[in-house]
Each structure stands twice: as C-alpha cells, then as structure tokens.
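In: I would like the atomic coordinates for the input below:
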Amino acid sequence: MEDQQNENQLNIELSEEIAEGVFSNLAIITHSNTEFVLDFIRVMPGVPKAKVKSRIILTPEHAKRLLHAMQDNIEKFEMANGKIKTQDEPPGFPMNFGGPTAQA
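Out: Purely as a prediction, here's the structure:
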C-alpha cells in the first residue's frame, strides 16, 4: 500500500521568488469556450494606471475546481475567523474591458 501512495505523490517545487508571492487587490476574469484567464492587478490609490502582475490561464474544468477549492477554503476561514465583509462594488474601478468579465 505504501508503494502505491509513493507512486501517486507529486513533488511540487516552490522557488524563493515565487514563494514571496505577488500582492493583488483586483482580479479581472475573462473566458472563451476553451479557457479562463485570471488577471491579477495591483491598483494603487491616486495612480490612474495599474499593471497586471500575474496572469493565470485555466481550462474550464480546472477553473471550476478552483472555484470549489476557494469556496471550501473561505468557509473554513470564516468558521475560524468570522465572516469576511465585502462591498458590492469597489468605487472607482472600471470593470468593463470588453468581453465576458467578472470581478473578484
């Protein structure tokens, strides 16, 4: 049984640079019939220009798996730390960049 577990393990390498992470306070999500594109952006107060800091491209199946994993983790976080407060619409961010979009 132990040999079977070792065969199914995946070793994931995390470089120092990637481990530092990238701060994002805006996400723009677009999709086609074959992929979901998540652009993570850092918007700074008083600066009219923002850059995409990271782009992740997912298959529709993996996008749905990410959605469920995020829901599960948010539920666990809220059970331990209380409900996360959100605003319906952040003021001053243009959200319509063309194409089907959503904001997170």
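In: model confidence over the helix or strand that contains residue 73, on average?
Out: Using DSSP states H and E, residue 73 falls within helix 60-81. What helix 60-81 shows for mean pLDDT is 98.
In: What are the buried residues along that helix?
Out: By neighbour count on 16 or more other Cβ atoms under 10 Å, the buried set for helix 60-81 is residue 63. C-beta here means a position set from N, CA and C on the backbone, and glycine is covered the same way.
In: roughly how far is it from the heart of the chain?
Out: Chain-centre distance of helix 60-81: 11 Å, with Cα atoms, centre = their mean, to the nearest Å.
In: so where is the chain shaky, pLDDT-wise?
Out: Scanning the chain for pLDDT under 70 picks out 1-6, 89-104.
In: all helices of it, in order?
Out: 2-8, 16-19, 60-81 (DSSP state H).
In: Between those, which one is closest to residue 33.
Out: Set against residue 33 and scored by Cβ to Cβ, the helices of the chain come closest in helix 60-81, at 8.2 Å.
In: what residues does that closest one touch?
Out: With contacts defined as Cβ atoms under 8 Å, 6 or more residues apart in numbering, helix 60-81 is touched by 31, 34-36, 58, 84.
In: Identify the spatial nearest neighbour of the residue most central in space within the chain, chain neighbours not counted.
Out: Against the mean C-alpha coordinate of the chain, by Cα atoms, centre = their mean, the closest residue is residue 38 at 6.6 Å. In this structure, residue 38 finds its nearest non-sequential neighbour in residue 56, 4.5 Å apart by Cβ to Cβ, 6 or more residues apart in numbering.
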